[in-house]
Every structure is written in C-alpha cells, then in structure tokens.
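Visitor: no FASTA, just this:
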C-alpha cells in the first residue's frame, strides 16, 4: 500500500533492475510518471511496465500458493507463533488481488492510498479468517 509511491519518491525501486532492462522500461519514465501530475503516459511504455508488474505478481502469487500448499499438506496444524508469522501473507495476497483488478497498473486509482477505506475492511476480514482458520 503506497510502498511503490514512497519508494519512487525516495528513488528506491522494488522491481528488479534486470526485469526493467528486460522490458526496456526507462527508469526516468517511471519516476516522471509518478511525480509529474501533467504527465502524458506513453501507451507502449505503460504496456511494458504492466507486463513487468504482471510477471512479478505472478511469481509472488506462485510463492504464496506454494506456502499455502505446505500448510494444506500439514493439515493446517501450525503453532500460534508460526501462524503469526504467516499473517504477512494476507496483505500480500490482498494487494495481488487488487493489482490484478487494476490490470497490473501500479498507478491505478484503486491502488492509491486514498482508495483504502473499504480495502482496509476487506483486509481485516482476511486477516481474521487467516488467524481463525489457518488458511492464508
């Protein structure tokens, strides 16, 4: 939530450099996209950025599914300490769902901090479900 925005503002970047290079996305374009309110997006570069974000989201989703599968193999018999550690998967999964709904557009209004009111309620419900059922 908002991490990408803060990271861009602080010249930090969470997409691996090799992925940016592979998709030929100029970092200056991404920073300008974030900071300039009158910025006119380039459709080709936007598509390249969405493809890179989609790839990262896919990999992250696979990791979450692997962890979920390990829990299922263990019949969800996990200690409360382990369950606490796994709660971090809940907001990650929630963000991946929102990212997919936004067609992997990091700058979509649904992903911006001001659009978080209803999203927080959904996230809290997901956290509670994860804690009580052990399904993350």
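Guide: That came through fine. As the structure is a prediction and not an experimental result, all values here were calculated from the model.
Visitor: Show me which residues of the helix or strand that contains residue 97 are buried.
Guide: Using DSSP states H and E, the secondary-structure element containing residue 97 is helix 89-101. By 16 or more other C-beta atoms under 10 Å, the buried positions in helix 89-101 come out as 89-90, 93-96, 98-99. For the C-beta atoms, the positions are set from N, CA and C on the backbone; glycine is no exception.
Visitor: Tell me the gap between it and the middle of its chain.
Guide: Its chain's C-alpha centre and that of helix 89-101 lie 6 Å apart, by C-alpha atoms, centre = their mean, to the nearest Å.
Visitor: what's the answer for stretch 100-116, then?
Guide: For stretch 100-116, the gap between its own C-alpha mean and the chain's C-alpha mean amounts to 10 Å (C-alpha atoms, centre = their mean).
Visitor: Likewise for stretch 17-34?
Guide: Centroid separation for stretch 17-34 versus its chain: 17 Å, with C-alpha atoms, centre = their mean.
Visitor: what do you get for stretch 32-44?
Guide: For stretch 32-44, the separation from the chain centroid amounts to 21 Å (computed by C-alpha atoms, centre = their mean).
Visitor: Buried residues, that stretch. List them.
Guide: The neighbour-count criterion (16+ other C-beta under 10 Å) identifies 33-34 as the buried residues of stretch 32-44.
Visitor: what does stretch 42-52 give?
Guide: Those buried within stretch 42-52 under the rule 16+ other C-beta under 10 Å are 45-46, 48-50, 52.
Visitor: contacting residues around that stretch?
Guide: By C-beta atoms under 8 Å, 6 or more residues apart in numbering, the list of residues contacting stretch 42-52 from outside reads 15, 19-20, 22-26, 29-30, 103-106.
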